[in-house]
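Q: Generate coordinates for the sequence data below:
(chains A, B and C)
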Amino acid sequence: MKIKNHLATAALTLTAMTLSANVAYAACATDDLPDSMDGPGGFPERALTMIVPYGPAGGSGQVAQAMAEAVTELTGVAINRDHKPGGSGSVGMTAYMAQPADGYSVLEHIDDAASAHALDSSQPNPAEDLIPLVTSQITFSQIYIRANEDRFTDWDSFVEWVKAQDGKATIANVSKEGSMERVNMKFITDATGMKIQQISFDKGSPRYGALAGGQVDALFEQPGDVRTFLDAGTFKPILTLLKEAPDVFADVPSLTDAGFDFEPLLRFRGFYVHKDAPEDRVKWLQWAFQKAYCQESYQKYNESKFMTLIESFRDTEGSRDLITSTIKLYRDVYKEMGLSAN
Amino acid sequence: MNVIDNFIGGTFALFSDPVGILVFLGGVLGGMLFGAIPGVSMLTLAAILLPFTAHLSAEHGIMLFSVIYCTGVYGGAITAILFNIPGAPENAPTAFDGYPMTQKGQAGKAVGAAVMCSALGGTVSAIVMMVATAPIANWAISAFGPPEIFALVFFGLAVAASVGAKTFWKGWLSILAGLLIAIVGLDPVGGIARYDFGMPYLLAGIHFIPVILGFFAVAEIFVQAEKKVTGSFKAPKVGVAFPSLGELLAHKIAVVRSIIIGFFCGILPGIGATLAAFMGYNEAVRWSKKPEEFGTGKLEGVISSETANNAATGAAMIPLLALGLPGGALTAMMVGVFQMHDMEPGPLVFLTSADLVWVVFAAMFFANLSILLIGYLETRTIINLLKVPFQFLAPLILMLATIGAYAVRGLSVDVVAMFVAGVVGFFLRRSGYSLPGIVLGLILGRIGEQTFAQAMQMLHFEWTGFAGRPIALALIVAGFLTLLSSIYGAFFKKRKTSDA
Amino acid sequence: MKRLKTGHIAEFVLWVAFAALLYSFTYDFDQEIEIYKFGASSWPRVILLLVVVAATGQLLYHLARGNGEKTTFASAADDGSGRTAAEQHHDTPRWYLATFSMLLIPLAYALVPEWIAAALSMDKAGLGTIKTVVALVLLVLFAFAARGNHVGAMLTLPILFAVGLQDFGFYTLAPVFILGVMYLMGERRPGRMLIIAAATYSVLLFLFVSVLYVGLPTGNVHPFYDFGTAMVTLLQ
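A: Numbering: from 1, shown residues only, chains lettered A, B, ... in the order given. Predicted coordinates:
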């Protein structure tokens, strides 16, 4: 038995060494926070509820699960996840705002909350009507083609081919007008002057199936969501929507490489609490969620979703800055696009 | 043969793993139980279990759902027969003759026939699925784009409109009403809010599961409550006499016909088992020498419908696994199970996880067989539920339906939608409109609009583009022919004297 | 015999009016979609036009063939609910009017508290109090209306229960609802009602909350919210 244990330990150490050689595991953003913290007046006395405005299977559902588990691991406080999908996240937001602001319920949300507020200011502003506890995932988009595609092979040949099709080339994208995905696509088409028909898919799986099955010519997506296809060698990225290419995608042209100078919109997911929640409870929640970000289980999860390629962590102030600047960016774009900003 | 090797491999993998056996047995029992308890269905069980499948391996999670699917489709027959509450729309035609049989004190006979026919239909279908899914999957990935799926939806709706309602026109109006309900919420192309009337919760749209629960379970409670209040309620007699083998053999043609119908209907996404059951029943009536006896408690009615809907289960796995296209609510939740394990159903599954697929196939085969064994035992106990006084059973059923509707999305607006659907169903049952038709329209409305839009975008808004896609064209033409023949029949066909 | 009945014409008019009303609403979302030239309103409009076509088809059909024979399905699906209704005078205009007005009670709950709170510009706690008061008033109104029309009450009670779920929670409302359904169905033995209601309530909570961890609505209004969350803590 003993030998077996030793072997296992050795194997673990080896794995850890290989990992740390690839990824900068050494330091994590919230390592200097205290390891434990007493809640005010025994808070929380019961399980927390986490409202997730999306289904359990998608990116939000998964990050909510990973974060809830990490917080429970760290504090021993159970978290019940309550999925309320629909209306691009607005339904869960409405349900959350109607709940008592006692600090026992928290909200998971994504950048859609910021763009929704930019479009319609009667929607809650996540930086003001809510207090961001932590932003735990920030990621970028890419454009993918089939790996065995022979009509074009990289970004330059793709643009050239698309222009030759005179508007008949197709790319699969999400179906929400004014969404992060559609605005980024607008930036690209405006800058290149190419005409490409976007095909609207509201769910991930048919969107990926359309590219794999040859129904469309390209796909707009974030790398974490199509990682299985990338690892399987079915899809390959031809453009990274970042100013500077991360190491993993060093071969893929970044915006700078491709000669663009627009500021790309990012996808981010984070956790929030109602602004009227008692201040001391909010402090404890901030500690718990920010510290949980650096739990090993959470970091592993983020890594598996390509969420460590750029810095994913923002604390409360950092999240507010991110959200506020994002809202401003969307407002400008919407004005230009003529989308009703009231 | 490759299929047999794979099947043996899958069987071995399934039964050599204790956790696998546990999950399998749990699924068989759970599916039957939830199918049989009034007010909850296999959908309720599946919705509740969905988050927990994250703790199972992908193999076990998907296997669990496919087992629940097989046994749940059968389990829904029990409530259809005993309480006129179809566990799911696919059991609705079972109630047409099954419930009158219960009222005649022949509940045992009806349930017994449902047990045997479900097992038989399901098993045969599982075998065909094993032989056919892989080839279909390989071909389908490139052949079935949005235009083809839209054409399939259109064809499916055209067929569905022609059956199930008092007249063809009522059938169409039912389907259209379902399509209208499906419009509420964000549009599938641009995310624009439609018919939300300023109510934020309506942006989520109206989900079909609460509507199904409302139309069937809740509306039935209302009907019984009315009888109870007015004193015309009669408690059903309890009979546990099983059908003899001879009685079943006498209906062998009905069984074979329903298997064939069930399998082909099952392949249609979004319609599958429901249409199968209706078509199986419809054809039984059409072929019968005494069609007027149907609806009064005829054993053949139960047999035709139950064989067909279980035959559709195996077939419904084909579009799911081959195209990533869920055929109904339960297969839609299976997509969720796949995604929770970072997988997408679709042709790639066959390449990346063939082992999993074969474990699932083997499990479905044995689940259908086990209906026979456990169903027999279960039947003897479940029938006793009829002895519970209705005023005590009704609140329990309504509570279970409430939890079932709420559990789907965690929205209390879904509970409201369910009870409103119950009231609407209560009144519509007097009108000759088709409740299953409305449900079908609702289920297929969104996918229909979305694939239509995608098809138009892909074909550059040129209608002639459909002509360049033979499969889509064939399905659309078939759909129009179905419509035209129904319209012709509605106006010009001579009245059959036997139908009067 | 005159083939076309008033009912058929009324049905046709109802469908067309309904379609026209929904068509007029399509202008609210008649928005352009950049990548889809048919926009968000074409699909609904086509369906609404088809509704008019089908309703016209039905009218012509009745004109040609009278009431039409019942197909086997309809006769099979007709389990006598129509007959029961006719025997008990539950299909008279008066009964329909009484029932539909009772169905307005849940609608009133969905709208009135918001109006009052908006008019008095109240905060969340104030809205909670208003909701409690309005709910109690409507409940009394319902009990009064239910006296003469148990079937209508049976249809209304579940919807009333459902619209209150988000504010008052499953844990508070379920026992009241269970007892109400039993009463409306004619059960009058208080001992039996209480025992069976308690059994139903506890079995449901044990199965779904303790074993299956289903998150049932706890309610948003104090003190119902506190009761709901205490129950969850107790059961989990």
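Q: part of a strand, is A:Asn80?
A: Yes. Per DSSP: H, G, I helix; E, B strand; the rest coil, A:Asn80 lies within a strand segment.
Q: Looking at strand pairing, list the partners for it.
A: Beta-bridge partners recorded for A:Asn80 (DSSP bridges): A:Thr49.
Q: Does stretch B:472-479 reach chain C?
A: No. Stretch B:472-479 does not reach chain C (Cβ under 8 Å from any Cβ of the partner chain); its nearest approach is 13.5 Å. Placement of C-beta: from N, CA and C, glycine included.
Q: Can you list the buried residues in that stretch?
A: By neighbour count on 16 or more other Cβ atoms under 10 Å in any protein chain shown, the buried set for stretch B:472-479 is B:472-473, B:475-476, B:479.
Q: Dump these into TSV; add secondary structure and distance to A:Gly58 as well.
A: Shown next, in TSV, are the buried residues of stretch B:472-479 (DSSP: H, G, I helix; E, B strand; the rest coil; distance: Cβ to Cβ, whole Å):
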residue	secondary structure	distance to A:Gly58
B:Ala472	helix	30
B:Leu473	helix	35
B:Leu475	helix	31
B:Ile476	helix	33
B:Gly479	helix	33
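Q: From the residues you listed, pick the one nearest chain A.
A: For those, the minimum distance to chain A (Cβ to the nearest Cβ) is 12.2 Å, reached by B:Ala472.
Q: In which helix or strand does whichever residue of the stretch 51-200 of chain A sits closest to chain C reside?
A: Ranked by Cβ to the nearest Cβ, the top residue of the stretch 51-200 of chain A for proximity to chain C is A:Gln198, at 4.4 Å. Assigned by DSSP states H and E, A:Gln198 falls within strand A:197-200.
Q: How about that strand and chain B, any contact?
A: Yes. Against chain B, strand A:197-200 shows contacts by Cβ under 8 Å from any Cβ at A:197-200.
Q: Scan those residues and report the most crowded one.
A: A:Ile199 (27 neighbours; other Cβ atoms under 10 Å in any protein chain shown).
Q: Okay, that one and B:Met334: tell me how far apart.
A: Look at A:Ile199 and B:Met334: by Cβ to Cβ, to the nearest Å, they are 25 Å apart.
Q: Equivalent analysis for C:Trp43, please.
A: Between C:Trp43 and B:Met334 the distance, using Cβ to Cβ, works out to 28 Å.
Q: Okay, domains of the chain per the record?
A: Picking chain A for this. A:29-139+A:266-337, A:145-249 (automatic domain parsing).
Q: Please refer instead to chain C.
A: C:6-68, C:93-235.
Q: could you give me the average pLDDT of the first one?
A: Read that as domain C:6-68. Across domain C:6-68, the average pLDDT comes to 89.
Q: Repeat that for stretch B:460-476.
A: 90.
Q: circling back: list the pairing partners of the strand holding A:Gln198 within its sheet, with orientation.
A: Sheet pairing of strand A:197-200 (DSSP bridges) gives strand A:170-173 (parallel).
Q: Return the per-residue confidence for B:Gly346.
A: Looking at B:Gly346, its pLDDT is 68.
Q: quick revisit: would you format the domains of chain A as a markdown table with mean pLDDT included?
A: As requested, these are exported to a markdown table (pLDDT from 0 to 100):
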| stretch | mean pLDDT |
| --- | --- |
| domain A:29-139+A:266-337 | 92 |
| domain A:145-249 | 90 |
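Q: Can you report how many residues lie near residue 172?
A: Let's take chain A. By the criterion of other Cβ under 10 Å, A:Ala172 has 24 neighbours.
Q: Switch to chain C, please.
A: 22.
Q: mind listing what it touches?
A: The contact partners of C:Thr172, taken as Cβ atoms under 8 Å, 6 or more residues apart in numbering or on different chains, are C:219, C:224, C:227-228.
Q: and what of C:Val176?
A: When contacts are counted by Cβ under 8 Å, 6+ apart, C:Val176 touches C:Phe161.
Q: Mind listing what's buried along whatever helix or strand it lives in?
A: Applying DSSP H and E as the criterion places C:Val176 in helix C:150-184. With burial defined by 16+ other Cβ under 10 Å, the residues of helix C:150-184 counted as buried are C:150-174, C:177-184.
Q: I'd like to know how far the residue in the stretch 51-200 of chain A that chain B sits nearest to sits from A:Ala98.
A: The stretch 51-200 of chain A approaches chain B most closely through A:Gly86 (2.4 Å), counting by Cβ to the nearest Cβ. Distance of A:Gly86 to A:Ala98, computed by Cβ to Cβ: 15 Å.
Q: for chain C, what are the nearby residues on the stretch 51-200 of chain A?
A: Going by Cβ under 8 Å from any Cβ, the residues of the stretch 51-200 of chain A near chain C are A:78, A:80-82, A:95, A:98-101, A:104, A:177, A:182, A:197-200.
Q: Can you show me the strands along the chain?
A: Going with chain A. Using DSSP state E, the strands found in chain A span residues A:48-52, A:79-83, A:105-110, A:130-139, A:142-146, A:170-173, A:197-200, A:218-221, A:235-240, A:267-274.
Q: Contacts made by the second one with the rest, please.
A: Contacts of strand A:79-83 with the rest of the structure, by Cβ under 8 Å, 6+ apart, involve A:47-52, A:54-56, A:61, A:64-65, A:68, A:71-72, A:92, B:51, B:409-410, C:213, C:215, C:232.
Q: Quick check: B:Gln224 touching B:Gln391?
A: No. Counting by Cβ atoms under 8 Å, B:Gln224 stays clear of B:Gln391, with 9.8 Å between them.
Q: so what's the residue of chain B found nearest chain A up against?
A: Nearest residue of chain B to chain A, counting by Cβ to the nearest Cβ: B:Ala204, 2.4 Å away. Contact analysis of B:Ala204 by Cβ under 8 Å, 6+ apart lists A:85-87, A:91, B:185, B:409, B:411, B:413.
Q: now, which of those residues lie within helices?
A: A:91, B:409, B:413 (DSSP state H).
Q: Compare these and tell me which has the most neighbours.
A: B:Val413 (27 neighbours).
Q: re the thing from before, which one of the residues of the stretch 51-200 of chain A next to chain C is nearest A:Phe43?
A: Nearest to A:Phe43, judged by Cβ to Cβ, of these is A:Tyr104 at 8.5 Å.
Q: Name the nearest residue to that closest one, sequence neighbours excluded.
A: Spatial nearest neighbour of A:Tyr104, chain neighbours left out: A:Leu48 (5.7 Å); criterion: Cβ to Cβ, 6 or more residues apart in numbering or on different chains.
Q: roughly how far apart are that neighbour and B:Tyr195?
A: Applying Cβ to Cβ, the value for A:Leu48 to B:Tyr195 is 35 Å.
Q: Can you tell me the centre-most residue of chain C?
A: Residue closest to the average C-alpha location in chain C (Cα atoms, centre = their mean): C:Ile159, at 4.6 Å.
Q: surely that residue meets B:Met418?
A: No. Counting by Cβ under 8 Å, C:Ile159 stays clear of B:Met418, with 9.4 Å between them.
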